[in-house]
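In: Sequence first, predicted model second:
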Amino acid sequence: RPVLEGDNIYSRHTLFLWGAHKSEISPVNGTALLGCDSLMFTGEEAEEPKHRDEIEIFKYQCSQRNGGGALYRNYTDQLPLRVFRKTKGENGVSGFRYDGLYTVIAMFDDSGKPRSELSTKSKLLSFLLKRNPASGRTRYSNRMMLNEVWDVIQESKDNSRRPRGGGGGGGGRSN
């Protein structure tokens, strides 16, 4: 089923079952090798916006082992990620709504210094994420459907894994 940007509220488990966020536990879904494809933003430290489109940029903090490596890959490769924001519906039920595509625009160490490389000295990393525009003019816009975003992410992953040169191979599985 498609998960649509906007006012629909989904449980974390539903997003997991539908494949929109593939980690039932971690708020960051991804690896340092492949990057992050989705993030569950609880925003408990932030004030709840009055309108859903008020969040343009937000800060997300994590350790290098608990999501920082994956977000760093998105930062260096400028890959978009889906953001699901915790919210409360009109009926009082809490859940997550798809907030759109975001790009990691900056990374800071635990002392607040901007960084372009990961450091083993930093215990806590901060990432600034910026909402991608709603217009279709950019490669990763919020008008793209979820399956289109997934295809672009998979295409970039496949291209990075494909062996150079030589062709042909028969069947079988390659790693």
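Out: Received, thanks.

In: what's the helix or strand where L71 lies packed up against?
Out: In this assignment (DSSP states H and E), L71 forms part of helix 69-77. Judged by 3 or more Cβ pairs under 8 Å, 6 or more residues apart in numbering; DSSP states H and E, the packing partners of helix 69-77 are strand 28-31, strand 35-41, strand 94-108, strand 125-131. Backbone N, C-alpha and C define where each C-beta goes, glycine included.

In: ok, and which of those has the densest surroundings?
Out: Across the helices and strands packed on helix 69-77, averaging neighbours per residue (mean count of other Cβ atoms under 10 Å) puts strand 35-41 on top, at a mean of 23.

In: okay, the angle between it and helix 69-77?
Out: Going by axes from the mean of the first three to the mean of the last three Cα atoms, to 10 degrees, strand 35-41 is angled at 120 degrees with respect to helix 69-77.

In: need the next SSE after strand 35-41, C-terminal direction.
Out: Using DSSP H and E, the helix or strand that directly follows strand 35-41 along the chain is strand 57-62.

In: List the strands paired with that next one, with their directions.
Out: Sheet pairing of strand 57-62 (DSSP bridges) gives strand 125-131 (antiparallel).

In: low pLDDT regions in the protein?
Out: Within the chain, the segments meeting pLDDT under 70 span 1-4, 44-55, 134-175.

In: And for the closest residue in space to G95 that isn't next to it in sequence, the neighbour number?
Out: Distances taken as Cβ to Cβ, 6 or more residues apart in numbering place I9 nearest to G95, at 3.9 Å, with adjacent residues excluded. As a burial measure, I9 scores 18 neighbours (other Cβ atoms under 10 Å).

In: same deal with the one 3 residues further on?
Out: Other residues within reach of R12 by the criterion other Cβ under 10 Å amount to 17.

In: Thought M40 was touching it, still the case?
Out: Yes. R12 lies in contact with M40 (Cβ atoms under 8 Å); the separation is 6.8 Å.

In: Tell me the secondary structure of G67, please.
Out: Look at G67: counting by DSSP: H, G, I helix; E, B strand; the rest coil, its state is helix.
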